[in-house]
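Undergrad: need coordinates for the below:
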Amino acid sequence: MMIGIVVYVEKKVIEGKTYLYLVIKARVDGKVKRVWQKYLGPEASFQEKAETMKLKLSDNYSITTREFGLEIALWQIAEELKLHQIIEDFTSKRSQGMAVSQYLVLSTINRVIDPMSKHQISSWLDRSYLRSCIPQIEDTYAERLSMAHTNHFQYLTDEAILQIQQKLTNQLLLKFDVKMDQLFYDPTNFYTYINPGEGNELARHGKSKEGRNVLNLIGLSVVCTNDGGLPLFHHVYPGNVQDAELFKTQHQTILDHLHRLDLNPTDVTLVFDKGNISEDAFAGIDKSGLQFICTVRPSSHKDLHDLTEDDFQMITLPNGKNVGFKEYSRTIHSQERRLIVCYDGNRQQWYEKNKLAKIEKKIQSIHTWFETRLNTHKWRSKENVEEKIEKMMGKTFLSYVHYKVEEVENEELIYELSMDNNYFDSEVAKLGKSYLMTSHEPDWTAEKVIWLYRQQYTVEKLFSYLKDHPQAVSVRPIYHHKDDSVRGHIFSCLLGVLLLLLLKRKINSFYPSMELDDICRGLEDIKIADIAFSESDIKHKIIKNSSLASQLFTKLSLEQYFTEET
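TA: Numbering: from 1, shown residues only. Now for the predicted structure:
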């Protein structure tokens, strides 16, 4: 006889996982016994089903989403790099509110994900899961964040930035096993709309590398690794400083950086281009023993101009491309140095095609000019017409073209323009050469020297991340005017590139062929869904909108950063 029936859900923990059972107990012959049970499933799955049912049964709920995957993955890299602690070690601020490191890391991640002006950054933070990672962010701080985060750039002096970069380089060596034996140096500049005020020295007129010479420029030089293209340190300088003049002091900064890392300059190869070289710079480089590969200007070796493809020994580079080389020993900058002339047939063909197009364009422009002007006003004069043709062709192209101006009936002028094909063919056959100078002895083969120099695209790609890459970190627009704010802004952009490239390096350790745009796309598919049934009843769930998102979420162990309370 059964009396006193009780129905309830029972939890059982098996091998660390919780499972649910529906159980019926009753008093049988004076004793309480389990008379029936039904397995319901894992607790987590049951809760998810229950919440789904709650959604279906409720007509009064709202769902909003927040970014999670990419920003938390970048935050994770910053933690592994010990970025917060390193910044705090070299910036001085009294203990009040958020730390300099917290402002800078937030600014850095914002530049990667959704670049905004200082007036918009607090609204971005409201939509970000990062707010839960920094306990000091309260509503009052969020309101003041727009102004406060740029004000904190004043703590990032040139010396502080240099020390931070030094410590970060140590972390790259120790934590990420980055090789430092091959480095690239290159300067660039950014056009801005800044009108500098008193005391501001960075924004200046100079030669824009983007062709915007009417605007003020800000210069940036970077040293990055061949191993991953990671920026090690940089220097922000006035836009009117020439590359060669800058390198006279920058090479010493590079040497100091190596010494602080206990790296012997003789074990490091620095690659740079011909725009940076000078007698003064090489005096310091030679004294230090720093190994180098650089280009030199063809105009300084005019006797080699007539070399053609037949004069070179052909080799195959690791990427399968065929190039030729010929070695010389030349006295350059007061020392006997190894000079390698490299011939690239593909480059020669490109130069040939480009030069032909330019000549044809010049000829067409002359035809257009004289179409309605010939035999009118001053253009009745043979001398004036000849002078105009020579001026429009220019000294560079005039030698490739025959021209003739003649008088015909009624004292009218006609002219003829024609290509000197034989001369053109003989001259373009001499194109496609580059001149490499290196301190390495012949045990470094010409193939190795040429191949390493060609990896200089690594630093150019780094610049593309700051300018026009699909995953650009966007130096522009620069919403700042004061020099310290500009330096802090550019530093945050370079830190953004560093975090992105380290994230790619980490993911490539288990997905070797995955490109950065795929990585970012997959991580952007990981979001937080905030399901609000009322002001006090809000559930938070992770949404993974693709299989790649699920894979990256698992591989990066991002679940450790998620709590259902935030």
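Undergrad: tell me, what residue is most central in this protein?
TA: residue 465 (2.9 Å; CA atoms, centre = their mean).
Undergrad: for the residue lying closest to that residue once chain neighbours are set aside, which three-state class applies?
TA: Residue nearest to residue 465 in three dimensions, not counting chain neighbours: residue 497, with 4.8 Å by CB to CB, 6 or more residues apart in numbering. Bear in mind the C-beta positions are built from the backbone N, C-alpha and C, glycine included. Three-state call for residue 497 (DSSP: H, G, I helix; E, B strand; the rest coil): helix.
Undergrad: so how far is residue 504 from the residue nearest to the centre of the chain?
TA: Separation of residue 465 from residue 504 (CB to CB, to the nearest Å): 11 Å.
Undergrad: about what we covered before: wait, the residue nearest to residue 465 sits on residue 232?
TA: No. Checked against CB atoms under 8 Å, the pair residue 497 and residue 232 is beyond contact range at 11.6 Å.
Undergrad: any low-confidence regions in the chain?
TA: 1-8, 27-29, 35, 46-61, 93-97, 117-119, 135-150, 198-199, 469-471, 564-566 (pLDDT under 70).
Undergrad: now do the strands in the stretch 451-566 of the chain.
TA: Remark: strands assigned in the stretch 451-566 of the chain by DSSP state E, counting those that start in this stretch are 526-532, 538-544.
Undergrad: nearest to residue 316, out of those strands?
TA: strand 526-532 (43.8 Å; CB to CB).
Undergrad: what's next to that closest one, contact-wise?
TA: Contacts with strand 526-532, where a contact means CB atoms under 8 Å, 6 or more residues apart in numbering, come from 51, 55, 61-70, 129, 538-545, 549, 552-553, 558, 562.
Undergrad: now residue 399. Nearest residue, chain neighbours left out?
TA: For residue 399, the closest residue by CB to CB, 6+ apart turns out to be residue 423, at 6.7 Å.
Undergrad: neighbours of residue 267, how many?
TA: 12 (other CB atoms under 10 Å).
Undergrad: cool, residue 329 as well?
TA: 9.
Undergrad: can you verify it is assigned to a helix?
TA: No. Using three-state DSSP, the secondary structure at residue 329 is strand, not a helix.
Undergrad: show me this protein divided up by domain.
TA: If you go by automatic domain parsing, the domain ranges for the chain are 1-57, 292-455.
Undergrad: looking at those, which is buried most?
TA: domain 292-455 (a mean of 15; mean count of other CB atoms under 10 Å).
Undergrad: picking that back up, just the buried subset of the contacts of strand 526-532, please.
TA: 66-70, 129, 539-540, 542, 544, 549, 552-553, 558, 562 (16 or more other CB atoms under 10 Å).
Undergrad: go through these and name the one nearest residue 206.
TA: Among these, and counting by CB to CB, the member closest to residue 206 is residue 70, at 35.8 Å.
Undergrad: quick check: closest non-adjacent residue to the closest one.
TA: Among residues not flanking residue 70 along the chain, residue 523 sits closest, at 4.0 Å (CB to CB, 6+ apart).
Undergrad: could you report the neighbour count for that neighbour?
TA: 25.
Undergrad: isn't it right up against residue 75?
TA: No. Residue 523 lies out of contact with residue 75 (CB under 8 Å); the separation is 11.6 Å.
Undergrad: thinking again about what came up before, who has more neighbours out of residue 497 and residue 232?
TA: Each of residue 497 and residue 232 has its neighbours counted (other CB under 10 Å); residue 497 has more, 26 against 23.
Undergrad: contacting residues around the more buried one?
TA: Counted by CB under 8 Å, 6+ apart, residue 497 has contacts 231, 462, 465-466, 473.
Undergrad: which strands or helices does the helix or strand harbouring residue 417 pack on?
TA: Element membership of residue 417, judged by DSSP states H and E, is strand 413-419. Packing partners of strand 413-419 (3 or more CB pairs under 8 Å, 6 or more residues apart in numbering; DSSP states H and E): helix 345-370, helix 382-398, strand 401-407.
Undergrad: include distance to residue 295 when you put those into a markdown table, please.
TA: Output for these, formatted as a markdown table (distance: least, CB to CB, whole Å):
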| stretch | distance to residue 295 |
| --- | --- |
| helix 345-370 | 13 |
| helix 382-398 | 21 |
| strand 401-407 | 30 |
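Undergrad: closest to residue 33 out of those?
TA: With CB to CB as the criterion, residue 33 lies closest to helix 345-370 of the helices and strands packed on strand 413-419, at 86.9 Å.
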